[in-house]
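Q: Sequence plus the predicted model coming up.
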Amino acid sequence: MLAAILIVFTACSDDDDSATGKGQLLEVYDVQGSAGKARLTVDGKVLFVTDVFVGKNGLGKPGEGDGKTPVGTLRPLSAFGIKPNPGTTMPYIDVTPSTYACDEDCEYYNQIIDTTVVHHPCVGEEMYSYQPQYNYGIATDFNKECIYPKGSAIFIHVKGSKPYTGGCMSYDEDRMIEILKNCDMSLVIKVME
């Protein structure tokens with residue numbers, strides 16, 4: 001995924017949504033406002049139950065910039081981080097100062113791009129500036145058709161200083177590392193009302 005010829009790091013996914021074999025499930029539940037609980041289960045064993053933050057305006061995402069987290073089933077597209085890969089087998093994007101999550105009405109909408117490669121003067125999220133939030137993360141397949149303005153950059157990432165996100169799901173850094181080390185591309189993410 002990180003080859004020099006790669007232009008767009010996480011492109012729109014056309015993969016089917018069928019669950020595949022390993023039984024990796026990350027559930028977000030019991031959400032009240034912007035806080036809830038999360039449980040990671042791998043091969044039938046619960047690895048942790050922890051607190052999680054979701055969108056500032058809760059659940060039920062209708063579109064771009066609403067501060068809400070989508071409800072339903074999501075799948076990973078890739079992992080990413082400002083810090084080095086902690087040991088995940090997911091494709092891993094090294095976040096640099098030229099890495100952006102594009103939220104503009106253009107061909108790169110809802111994609112993680114390297115602006116030095118695609119030469120797009122992106123005004124979306126400059127991912128490198130989101131520390132510690134993007135120290136580690138997973139890009140999900142929300143709005144995999146990349147339809148503007150349905151919503152973009154729904155990530156699982158490290159908690160910041162605020163008790164909410166812009167629509168993502170955030171975890172303590174040690175829990176985020178645990179997710180990355182124990183999960184691969186067969187991970188299923190379920191956000192429940």
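A: Yep, it's here. Numbers count the residues shown, from 1 in each chain.
Q: Show me the residue at the heart of this protein, geometrically.
A: For the chain, residue 155 is the residue whose C-alpha lies nearest the centre (Cα atoms, centre = their mean; 1.8 Å).
Q: ok, residue 58 touching residue 71?
A: No. Residue 58 is beyond contact range of residue 71, at 9.8 Å (criterion: Cβ atoms under 8 Å). (C-beta placed from N, C-alpha, C; glycine too.)
Q: residues shared between the contacts of these two?
A: Here residue 58 and residue 71 share no contacting residue, scored by Cβ atoms under 8 Å, 6 or more residues apart in numbering.
Q: Which one's more surrounded, these two?
A: residue 58 (20 against 17; other Cβ atoms under 10 Å).
Q: Could I get the contacting residues of the more buried one?
A: Here residue 58 is in contact with 31, 33-34, 68-69 (criterion: Cβ under 8 Å, 6+ apart).
Q: Would you mind measuring from it to residue 67?
A: Look at residue 58 and residue 67: by Cβ to Cβ, to the nearest Å, they are 8 Å apart.
Q: distance of the residue lying closest to residue 176 once chain neighbours are set aside from residue 156?
A: Once flanking residues are discounted, residue 176 sits nearest to residue 136: 4.6 Å by Cβ to Cβ, 6 or more residues apart in numbering. To residue 156, residue 136 is 9 Å away according to Cβ to Cβ.
Q: now residue 41
A: For residue 41 relative to residue 156 (Cβ to Cβ), the value is 15 Å.
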